[in-house]
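Trainee: one predicted model, sequence on top.
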Amino acid sequence: KAGVTQTPRYLIKTRGQQVTLSCSPISGHRSVSWYQQTPGQGLQFLFEYFSETQRNKGNFPGRFSGRQFSNSRSEMNVSTLELGDSALYLCASSIVPGQGTDTQYFGPGTRLTVL
Amino acid sequence: AQSVTQLGSHVSVSEGALVLLRCNYSSSVPPYLFWYVQYPNQGLQLLLKYTSAATLVKGINGFEAEFKKSETSFHLTKPSAHMSDAAEYFCAVSAAGGRNTGGFKTIFGAGTRLFVKA
């Protein structure tokens, strides 16, 4: 069974631009979560989607948004990019959301660099 | 509110020595606790998880962790370190998403980078 895939793996943008990252969960997984990883802040939760609905959201500004499609694939969008948005963005999928005990399977991440 | 503290951002051990990575949590409800490992340029991989069953949890690659409620700890250990264990390790707690939102979200510790010396 294929793992979580994220595209693109690397991305370079300039300040003020917007970016869209994509995540395809493991087949059969319906919950997708997004995290931002930076050396200074560590791993921070962005949001979680299940059945095309955002169920949880972290403490990020409205420039960060996401969505989930009917096939469980998810995208996240960052508008008006800032230098501080440079990070590794990780996507994770799980089978049963909302249980707390469910194992999350992580993708390799998208490395975003904002110049 | 739930939180996780990992003691020591860097730990260095010799090959064959005991590995001990410390994690303390704060939770107002019985927690679900996890240890993940991250190798360079890769995503996170689950090592083990505690879900209120046995307090001593065995994971992959010879790692185990013990849940101690009285100490609010969930330290990760491995009897004998191997060079391939060099990576960053994250302790995490699963927290309820908030009133009426349903679901859970995972809160990660800052991570501990493990170095293994030959």
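Mentor: It's in. Numbering: from 1, shown residues only, chains lettered A, B, ... in the order given.

Trainee: ok, which stretches of chain A are strands?
Mentor: With DSSP state E, the ranges of strands along chain A come out as A:5-7, A:10-13, A:19-24, A:31-38, A:42-50, A:53-57, A:64-68, A:74-78, A:87-94, A:105-106, A:110-114.

Trainee: Serialize these to JSON lines and add fields for distance to B:Glu66.
Mentor: C-beta here means a position set from N, CA and C on the backbone, and glycine is covered the same way. Below are the strands of chain A laid out as JSON lines (distance: least, Cβ to Cβ, whole Å):
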{"stretch": "strand A:5-7", "distance to B:Glu66": "34"}
{"stretch": "strand A:10-13", "distance to B:Glu66": "39"}
{"stretch": "strand A:19-24", "distance to B:Glu66": "34"}
{"stretch": "strand A:31-38", "distance to B:Glu66": "27"}
{"stretch": "strand A:42-50", "distance to B:Glu66": "23"}
{"stretch": "strand A:53-57", "distance to B:Glu66": "29"}
{"stretch": "strand A:64-68", "distance to B:Glu66": "37"}
{"stretch": "strand A:74-78", "distance to B:Glu66": "35"}
{"stretch": "strand A:87-94", "distance to B:Glu66": "25"}
{"stretch": "strand A:105-106", "distance to B:Glu66": "25"}
{"stretch": "strand A:110-114", "distance to B:Glu66": "35"}
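
Trainee: weakest of the ones you listed by average pLDDT?
Mentor: Here those differ in mean pLDDT, and the lowest is strand A:53-57 at a mean of 87.

Trainee: does it reach chain B?
Mentor: Yes. Judged by Cβ under 8 Å from any Cβ of the partner chain, strand A:53-57 and chain B are in contact via A:Arg55, A:Asn56.

Trainee: buried residues in that strand?
Mentor: With burial defined by 16 or more other Cβ atoms under 10 Å in any protein chain shown, the residues of strand A:53-57 counted as buried are A:Arg55, A:Asn56, A:Lys57.

Trainee: list just the nearest of the residues you listed to B:Lys69.
Mentor: A:Asn56 (25.9 Å; Cβ to Cβ).
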